[in-house]
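Visitor: Quick one, what's the 3D model for this:
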Amino acid sequence: MLKFSENYEEFLGDGSVDDNGKTLEEFLKGYDPYKYKTPAVTADIVVLKEKNDVDFELNNTGLQLLLIKRRNHPCINQWALPGGFAEMDETLEYSAKRELEEETTVKGVPMQQLKTWGDPDRDPRGRVITVSYLAYLEEDVDVEASDDAKDAKWLDVKLQLISTRRLGHKVIKQYELLLNNVESEISLKGVVEVEERRVGRIVEMSYDIIQCEGIAFDHAKIIIDAVLSC
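Guide: Numbers count the residues shown, from 1 in each chain. Presented below is the predicted three-dimensional model:
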């Protein structure tokens, strides 16, 4: 029997057999988990902390963001959120905390799940879905790059709304994200269009990267979503 079906009693339903006359245990013994192609799942963590001495020209949010410099392909030497692939026997929150500690040595940080990102072309390695998490710190934390991270730095966060337009039920906003570490001469930029469509009680949100300089994958979207949620 498959590892994931060892404790299957809670999935018995009313205990009936299926149309093929099989019990749940018999069904699971013959079930092929690779019958359907399955995506990989990652957890990416937006770690924000307060900055005391704020230079408004560099930082209008009062926040700093923890990023890692990627050691390997894809997006080699670009700056990314800490994170990585979930193991088969982990909860997503555990994966997020493990990856954060492995890549930056930061541990024991409470996290809040934010959003799922699943565009089919977001990773050239294959179909990768990521779940973003927010960690918020009120004090300084030392970081040290390790594992897949070549470097780890705190960057000042500046976020500006640069345009807004309305199309029927849609509101389309364009944001400019600037991330800087003056001491290390790191300057990153992302321009993201956020479309919000309200239908009754439902709010549909979509994100589109217009410009990206030095920020890996679609992480500019994830960062802006997290900062706006604070």
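Visitor: the longest strand in the chain is where?
Guide: Longest strand of the chain, by residue count under DSSP state E: strand 149-167.
Visitor: How much space separates Asn72 from Ile210?
Guide: The gap separating Asn72 from Ile210 is 27 Å, by C-beta to C-beta, to the nearest Å. Using the backbone N, CA and C atoms, a C-beta is placed for each residue, glycine as well.
Visitor: the more surrounded of those two?
Guide: Of the pair Asn72 and Ile210, Ile210 is the one with more neighbours under other C-beta atoms under 10 Å, namely 13 against 10.
Visitor: Now the more buried one. Nearest residue, chain neighbours left out?
Guide: Val191 (4.3 Å; C-beta to C-beta, 6 or more residues apart in numbering).
Visitor: The one you found is in what secondary structure piece?
Guide: strand 186-199 (DSSP states H and E).
Visitor: How about Ile76?
Guide: Going by DSSP H and E, Ile76 is not in any helix or strand.
Visitor: thinking again about what came up before, right, and the helix or strand after the strand holding Val191?
Guide: strand 202-213.
Visitor: and the closest residue to Ser184 other than its chain neighbours, how many neighbours?
Guide: Among residues not flanking Ser184 along the chain, Lys153 sits closest, at 5.9 Å (C-beta to C-beta, 6+ apart). By other C-beta under 10 Å, the residues close to Lys153 number 19.
Visitor: give me every residue that touches Lys153.
Guide: By C-beta atoms under 8 Å, 6 or more residues apart in numbering, the residues touching Lys153 are 66-67, 69, 79, 143, 181, 184, 186.
Visitor: closest to Glu99 among those?
Guide: Glu99 lies nearest to Leu66 out of those, by C-beta to C-beta, at 12.3 Å.
Visitor: so how many other residues sit close to the residue lying closest to Glu57 once chain neighbours are set aside?
Guide: Using C-beta to C-beta, 6+ apart and skipping residues adjacent in sequence, the residue nearest Glu57 is Lys158, 8.0 Å away. By the criterion of other C-beta under 10 Å, Lys158 has 20 neighbours.
Visitor: does Lys158 really touch Leu178, like I thought?
Guide: Yes. Counting by C-beta atoms under 8 Å, Leu178 is a contact partner of Lys158 at 4.2 Å.
Visitor: Please enumerate the shared neighbours of the two.
Guide: By C-beta under 8 Å, 6+ apart, Lys158 and Leu178 have these common neighbours: Leu58.
Visitor: which among the contacts of Lys153 end up buried?
Guide: 66-67, 69, 79, 143, 181, 186 (16 or more other C-beta atoms under 10 Å).
Visitor: tell me which residues form a beta bridge with the residue nearest to Ile210?
Guide: With DSSP bridges as the criterion, Val191 is bridged to Glu176, Gln211.
Visitor: Verify the contact between it and Ile209 for me.
Guide: Yes. Judged on C-beta under 8 Å, Val191 makes contact with Ile209 at a distance of 7.4 Å.
Visitor: So those two - more neighbours on which side?
Guide: Val191 (20 against 16).
Visitor: Pull up the gap between that one and Trp117, please.
Guide: From Val191 to Trp117 the distance is 18 Å (C-beta to C-beta).
Visitor: follow-up on the earlier one: among the contacts of Lys153, which ones are in strands?
Guide: Short answer: the contacts of Lys153 in strands (DSSP E) are 66-67, 69, 79, 181, 186.
Visitor: how about these in JSON lines, adding distance to Lys29?
Guide: Output for those, formatted as JSON lines (distance: C-beta to C-beta, whole Å):
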{"residue": "Leu66", "distance to Lys29": "46"}
{"residue": "Leu67", "distance to Lys29": "46"}
{"residue": "Lys69", "distance to Lys29": "47"}
{"residue": "Trp79", "distance to Lys29": "47"}
{"residue": "Asn181", "distance to Lys29": "55"}
{"residue": "Ile186", "distance to Lys29": "54"}
